[in-house]
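**Student:** Here is a sequence with its predicted model. Questions after.
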Amino acid sequence: MADLFASETEQDGGGHRPLADRLRPQTLDEVIGQDQILGPEAPLRVMLEAGALGSLVFWGPPGVGKTTIARLLAHETDLQFVQISAIFTGVPELRKVFEAAKIRRQNGQGTLLFVDEIHRFNKAQQDGFLPHMEDGTILLVGATTENPSFELNAAVMSRAQVMVLERLDLKDLELLAQRAERELGTALPLDGAAREALLEMADGDGRALLNLIEQVAAWSVEGKLDTEALGTRLMRRAAQYDKSGDAHYNLISALHKSVRGSDPDAALYWFARMLEGGEDPRFLARRITRMAVEDIGLADPQAQAICLQSWQTYERLGSPEGELALAQALVYLALAPKSNAAYVAYKGARKAAKQTGSEPPPKHILNAPTSLMKDQGFGAGYAYDHDAEDGFSGQNYFPEGMDRQAFYAPVERGFERDLQKRVAYFAKLRAKRET
């Protein structure tokens, strides 16, 4: 079992080593990207220079250097590097890891335990790390592609600092490609546009780029390939998207905020990104309808009906034709006047309802089907609005003893401009009746 947790990569005695392994940085200065944590005055660099490295959680997409940085941190701090994966490690294996770390500590050697996919451990397993973190047996470095705020225990989070790693941009990927060409001793047989297309295929994943470069470098071609020829020989890497993970919530947030921000082009882009990632169009139809309710409201009463019609059209046509109906609804929402006045009013009314508990309605608006109820004053003094001047009695409909509330405040946009006039009109009449 000791070999399972070996701290050093075994050297292949003459066998093929993948390019990604051959180009693994030997120092932190060689790491491409992640200046937000490794640059001068950045958190991780400051911790190292102060000699105060604590437990960490690296949160970021695949192929951005989480494992490499953890390995280099162990080297920088003279700690034994031990790597495990939460996918393949159970409680018995964890006990052996902790026991080996205790023995090392007794011999004067610390342990940096790198846990890949740490969010895969359940609550009990995560709790198992705590005593060993607290007594210094291990320095924990976890890696996760999921939001640690949701996936990791509060106790672990309180003892570890989260470092956010970002996907590599095209500039970073180009530097990585140049490093690969130096290692291979040859330039990639691609023209400028094809080279850029190759970088885009990696989708911010450095390891994926190196694997693609290794394939391209092995081709025997004359001259340089263009984008079309590259696309024929290589399949574009699937976009990173997990329908139940962070990518799902990040993209739907981007879609919703693009609509709220009245940007139909951005809205269509995020809509397309989610469809390309395999999102269920019915989920999108539901969310688009929610946008009409929350962000357009009564500023455009047609918006909700258009969303429901587009949803029904999708159900009739199916994919891919039905998705066009959803796209049209999305464009309509983005360009519609915006108002959350009714939404704010609803939340205000719910809050007031909780605070006032079980206050009864005023007696004058209660029905009195029995003589006993009439004797109790039910219905006494009720003014029938249709008999009143302007069809408006101005009576109080809130509980007795509760001040009148004003939850709904229409905006000066779209149809709510007309509703605002009506609210003001009735307020004026109510004030007139009261005097």
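**Tutor:** That came through, no problem.
**Student:** residue ranges with poor pLDDT in the stretch 201-350 of the chain?
**Tutor:** By pLDDT under 70, the low-scoring segments of the stretch 201-350 of the chain are 235-246.
**Student:** For it, which segments count as helices?
**Tutor:** Using DSSP state H, counting those that start in this stretch, the helices found in the stretch 201-350 of the chain span residues 206-217, 227-233, 246-260, 264-276, 281-291, 302-317, 321-335, 341-356.
**Student:** Which of these sits closest to Y384?
**Tutor:** helix 341-356 (25.4 Å; CB to CB). Yep, even glycine has a C-beta here, placed from its N, CA and C like the rest.
**Student:** Packing partners of the following helix or strand past the closest one?
**Tutor:** Scanning forward in sequence from helix 341-356 by DSSP states H and E, the next helix or strand is helix 371-375. Where contact means 3 or more CB pairs under 8 Å, 6 or more residues apart in numbering; DSSP states H and E, helix 371-375 is not packed against any helix or strand.
**Student:** now the next helix or strand after helix 371-375, how far from the chain's geometric center?
**Tutor:** Using DSSP H and E, the helix or strand that follows helix 371-375 in sequence is helix 416-434. The chain centre lies 43 Å from the centre of helix 416-434; the measure is CA atoms, centre = their mean, to the nearest Å.
**Student:** Pull out the buried residues from helix 416-434.
**Tutor:** Across helix 416-434, burial judged by 16 or more other CB atoms under 10 Å covers 416, 419-420, 429.
**Student:** Show the pLDDT at Q355.
**Tutor:** pLDDT for Q355: 83.
**Student:** for A100, same thing?
**Tutor:** 95.
**Student:** ok so, going back, of all the helices of the stretch 201-350 of the chain, which lies closest to Q161?
**Tutor:** helix 246-260 (19.2 Å).
**Student:** Just name whatever secondary elements that closest one is in contact with.
**Tutor:** Here helix 246-260 touches helix 264-276, helix 281-291, helix 321-335, going by 3+ CB pairs under 8 Å, 6+ apart.
**Student:** Only alpha carbons, please: show that helix as CSV.
**Tutor:** What follows is helix 246-260, C-alpha atoms only, in CSV (Å, rounded to 0.1, in the frame of the first residue of the first chain):
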residue,chain,number,x,y,z
ASP,A,246,-20.8,25.2,-10.7
ALA,A,247,-20.8,25.7,-14.4
HIS,A,248,-24.5,25.2,-14.5
TYR,A,249,-25.2,27.9,-11.9
ASN,A,250,-22.6,30.3,-13.3
LEU,A,251,-24.0,30.1,-16.8
ILE,A,252,-27.6,30.5,-15.8
SER,A,253,-26.6,33.4,-13.6
ALA,A,254,-24.9,35.0,-16.6
LEU,A,255,-28.0,34.4,-18.8
HIS,A,256,-30.4,35.9,-16.2
LYS,A,257,-28.2,38.9,-15.6
SER,A,258,-27.8,39.5,-19.3
VAL,A,259,-31.6,39.6,-19.7
ARG,A,260,-31.9,41.9,-16.7
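**Student:** Report the inter-axis angle for that helix versus helix 264-276.
**Tutor:** 150 degrees (axes from the mean of the first three to the mean of the last three CA atoms, to 10 degrees).
**Student:** Pull the residues that contact helix 246-260.
**Tutor:** Helix 246-260 has contacts (CB atoms under 8 Å, 6 or more residues apart in numbering) with 145-147, 240-242, 266-267, 269-271, 273-274, 277, 279, 284, 287-288, 291, 295, 330, 333-334, 338.
**Student:** next one: stretch 67-82
**Tutor:** Outside stretch 67-82, the residues that reach it (CB under 8 Å, 6+ apart) are 5, 7-8, 24-28, 31, 34, 38, 44, 48, 53, 58, 83, 97, 100-101, 104, 109-114, 116, 139, 141, 143, 165.
**Student:** out of those, which are buried?
**Tutor:** Buried subset of the contacts of stretch 67-82 (neighbour count, 16+ other CB under 10 Å): 5, 24, 28, 31, 34, 38, 44, 48, 53, 58, 83, 97, 100-101, 104, 110-114, 116, 139, 141, 143, 165.
**Student:** Quick check: D205 vs G90, distance?
**Tutor:** 29 Å (CB to CB, to the nearest Å).
**Student:** Between the two, which has more neighbouring residues?
**Tutor:** Comparing D205 with G90 by other CB atoms under 10 Å, the one with more neighbours is D205, at 20 against 10.
**Student:** next one: phi and psi at the closest residue to the more buried one other than its chain neighbours?
**Tutor:** Computed as CB to CB, 6 or more residues apart in numbering, the closest residue to D205 that is not its neighbour in sequence is G63, at 3.2 Å. Here is the backbone geometry of G63 (degrees, to the nearest 10): phi 70, psi 30.
**Student:** do the same with A160
**Tutor:** Torsion angles, degrees, to the nearest 10, at A160: phi -140, psi 150.
**Student:** what about it, how many residues close to it?
**Tutor:** 21.
**Student:** List the contacts of it.
**Tutor:** When contacts are counted by CB under 8 Å, 6+ apart, A160 touches 54-57, 133, 140, 142.
**Student:** Check which residues of the helix or strand that contains K96 are buried.
**Tutor:** Using DSSP H and E, K96 falls within helix 91-106. Going by neighbour count (16+ other CB under 10 Å), the buried part of helix 91-106 is 94, 97-98, 100-101, 104-105.
**Student:** Neighbouring strands of the next helix or strand after that helix in the sheet, and parallel or not?
**Tutor:** The element immediately downstream of helix 91-106 (helix or strand, assigned by DSSP H and E) is strand 111-116. Strand 111-116 pairs in its sheet with strand 80-85 (parallel), strand 139-144 (parallel), by DSSP bridges.
**Student:** Could you measure from T232 over to A194?
**Tutor:** Counting by CB to CB - T232 and A194 are separated by 11 Å.
**Student:** Spit out the contact partners of G33.
**Tutor:** 64-65, 166, 168-169, 172, 206.
**Student:** Find the pair from the residues you listed with maximum spatial separation.
**Tutor:** G65 and D169 (13.5 Å).
**Student:** Between the two, point out the one with more neighbours.
**Tutor:** Between G65 and D169, G65 has the larger neighbour count (other CB under 10 Å), namely 24 against 11.
**Student:** Distance to F392 and mean neighbour count for the helices and strands packed on helix 246-260 - can I get that in JSON lines?
**Tutor:** Output for the helices and strands packed on helix 246-260, formatted as JSON lines (distance: least, CB to CB, whole Å; neighbours: other CB atoms under 10 Å):
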{"stretch": "helix 264-276", "distance to F392": "41", "mean neighbour count": "17"}
{"stretch": "helix 281-291", "distance to F392": "34", "mean neighbour count": "19"}
{"stretch": "helix 321-335", "distance to F392": "34", "mean neighbour count": "19"}
